[in-house]
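Participant: Fold the following for me, if possible:
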Amino acid sequence: MTSSRGRTAHVRPRPPSTGRPAPAVRTVRPNANRVRQHRGLDGRRRRLPLPTRVLLGLSVLALGGAVFLTATGSIGGIVGTLGAGFANALGRLVATPAPTQAVVVVTGAPVIAQPAAAYVNTSTVDLKIYVPQDVIGQSGAKVRIYLALQGLAPAPIQEVDVSSSATLTVAVHLTKGRNDFTATVVNAGVESDPSPVVTMFLDQTPPHVTIKSPKNGSTVNDPSGNLTLKGVTEANATLVGLDDQNGVSVTVTAADDGTFQMVIALAPGTNTIHINATDLAGNQSTTDLSYLEGSGQITASLRSSVYLISISHHPSSIKLTVTVTDSTGAPVVGATASFVLQIPGLGPISGSATTGSDGRASFTTPLNGTMNVGNGQATVLVTDSGVQSTDRVALTFVK
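Facilitator: Predicted coordinates:
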């Protein structure tokens, strides 16, 4: 069906009446549950939750304040302040906190006084330590003592509290041999540089004395009547020689290599000599010796292995021997014998030797070269403590 305006009508046309009464319309009561579920706009509206209403109110107030500040021109400063504060807070949250560094005051090193003697024979000694002024009397400050043995690194051996005095006296134990001591100051967990090294030596062995010449018990034929002792002991040891017979005392100091020489005047007859040695650590020893003062005379007696020599059938060598005795007939030990052999047709042949415990010294030389017929000789000059003696023998050379 088309309406008067040319559009299709959306209303169905009612059919024509037949004259019959219209049927009654049945009314169906709606479901109560469905009514509750589909109230839509006709139902009662719920109120917003309280937190939502509070937040909405604050938003309205904030919006009004922003409008007011914009109108008055104050919004820029407040926004800048809020931005700076927010940036500062954010920076604190993300920035890495810098560690706090404690202020550490480093003190100077202590000083250990040099001992009166570097060599000692007692195992316990006192070290005198001078403490820096800035730690005197400070609670918790300590002096730490280190010991280094020969060939080893320093190791701490003791700690003492710093007192109100600038000087500390600390007893320490020594080890045999070399001991190197240093000290530091420990204050508030910080240790100072070490002090200069102080060295001490523990020596508890008495010095040993060895006499090189003249031999103990021998006769001394020095014309001056003096005994010249030569020997060796500890380096720089002090030696005192005392002759019981005349009370003469002589003091000498050994050299750096331990060698020494001592001259003691002898009395006539037998002399008992005591040599007392004291080393740098104070250890002592005594050596007893005995010497007979000679008359100042010695005798040299020379002999040859051959006296008649054929120049055509001569031996391959010749041996000269000298025996040296003092005025009592006792052998002279340590005397120097100088030999000279003269052979016709050859130049002089010389040599030297030292007498042994039997007072004898020998010299052997080969017979080489062209020899002539004639007389030759062998001589010897013996020297002992300034005393000399000589002897000679004749040699005959034939065809």
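Participant: for the protein, which spans come out with low pLDDT?
Facilitator: For the chain, the stretches flagged by pLDDT under 70 are 1-52, 54-106.
Participant: which SS state does the residue most central in space within the chain fall under?
Facilitator: Averaging the C-alpha coordinates of the chain gives a centre point, and the residue nearest to it by CA atoms, centre = their mean is Ala153 (4.6 Å). For Ala153, the assignment made with DSSP: H, G, I helix; E, B strand; the rest coil gives coil.
Participant: gap between it and Ser362?
Facilitator: Relative to Ser362, Ala153 is positioned 59 Å away (criterion: CB to CB, to the nearest Å). Where C-beta positions appear, they are placed from N, C-alpha and C, glycine not excepted.
Participant: same check, this time on Ser295
Facilitator: Ser295 is 26 Å from Ser362, by CB to CB.
Participant: Name the residue in these two with the higher neighbour count.
Facilitator: Ser362 (16 against 13; other CB atoms under 10 Å).
Participant: The more buried one belongs to a strand?
Facilitator: Yes. Counting by three-state DSSP, Ser362 is found in a strand.
Participant: wait, what's in contact with the closest residue to Thr251 other than its chain neighbours?
Facilitator: Nearest residue to Thr251, sequence neighbours excluded (CB to CB, 6 or more residues apart in numbering): Val240, at 5.0 Å. Contacts for Val240 were tallied using CB atoms under 8 Å, 6 or more residues apart in numbering; they are Ser249, Val250, Thr251, Ile275, Asn276.
Participant: again, only this time at 10 Å
Facilitator: Applying CB atoms under 10 Å, 6 or more residues apart in numbering, one finds that Val240 lies in contact with Ser249, Val250, Thr251, Val252, Met262, His274, Ile275, Asn276, Ala277, Thr278, Thr286.
Participant: Touching, the second one and Leu242? I think so.
Facilitator: Yes. Applying CB atoms under 10 Å as the test, Val250 and Leu242 come out as touching, 8.1 Å apart.
Participant: Spit out the residues that contact those two alike.
Facilitator: Contact with both Val250 and Leu242 is made by residues Ile264, Ile273, Ile275, according to CB under 10 Å, 6+ apart.
Participant: and of those residues, the nearest to Tyr130?
Facilitator: Among the shared contacts of Val250 and Leu242, Ile275 lies closest to Tyr130 (CB to CB), at 42.3 Å.
Participant: Counting by contacts, list what the helix or strand encompassing the closest one packs against.
Facilitator: For Ile275, the element it lies in under DSSP states H and E is strand 269-278. Applying 3 or more CB pairs under 10 Å, 6 or more residues apart in numbering; DSSP states H and E, one finds that strand 269-278 contacts strand 226-232, strand 238-243, strand 249-253, strand 259-265, strand 284-293.
Participant: Export the first one to PDB, keeping only CA atoms.
Facilitator: Listed next in PDB are the C-alpha coordinates belonging to strand 226-232 (Å, rounded to 0.1, in the frame of the first residue of the first chain):
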ATOM      1  CA  ASN A 226     159.700 -12.000  73.100                       C
ATOM      2  CA  LEU A 227     157.100 -14.500  72.100                       C
ATOM      3  CA  THR A 228     155.200 -13.600  68.900                       C
ATOM      4  CA  LEU A 229     151.900 -15.500  68.800                       C
ATOM      5  CA  LYS A 230     150.000 -15.700  65.600                       C
ATOM      6  CA  GLY A 231     146.500 -17.200  65.500                       C
ATOM      7  CA  VAL A 232     142.900 -16.900  64.500                       C
END
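Participant: Strands along the stretch 101-250 of the chain, start to end?
Facilitator: Listed from the start of the chain, the stretch 101-250 of the chain has strands (DSSP state E, counting those that start in this stretch) covering 111-112, 119-120, 124-130, 142-149, 155-161, 167-173, 177-187, 190-191, 198-202, 210-213, 219-220, 226-232, 238-243, 249-253.
Participant: for Ile343, what are its contacts?
Facilitator: Contacts here follow CB under 10 Å, 6+ apart; on that basis Ile343 touches 309, 311, 314, 318, 349, 365, 367, 369, 371-372, 374-378, 395, 397.
Participant: Now do it against Ile311, distance only.
Facilitator: When distance is defined by CB to CB, Ile343 is 9 Å away from Ile311.
Participant: got any residues that touch both of these two?
Facilitator: With CB under 10 Å, 6+ apart as the test, Ile343 and Ile311 both reach Leu367, Met371, Asn372, Gly374, Phe397.
Participant: In this structure the last one contacts Ile318, no?
Facilitator: If I follow you right, that is Phe397. No. Under the criterion of CB under 10 Å, Phe397 is not in contact with Ile318, lying 11.2 Å apart.
Participant: out of the two, which sits in the more crowded spot?
Facilitator: For Phe397 and Ile318, the more surrounded residue by other CB under 10 Å is Ile318, and the numbers stand at 22 against 19.
Participant: which residues touch the more buried one?
Facilitator: 304-307, 309, 341, 343, 349, 363-367, 376, 378, 395.
Participant: Could you report the neighbour count for the closest residue to Thr270 other than its chain neighbours?
Facilitator: Counting by CB to CB, 6+ apart, Thr270 lies nearest to Leu292, which is 5.3 Å off, once chain neighbours are set aside. Here the number of neighbours of Leu292 (other CB under 10 Å) works out to 18.
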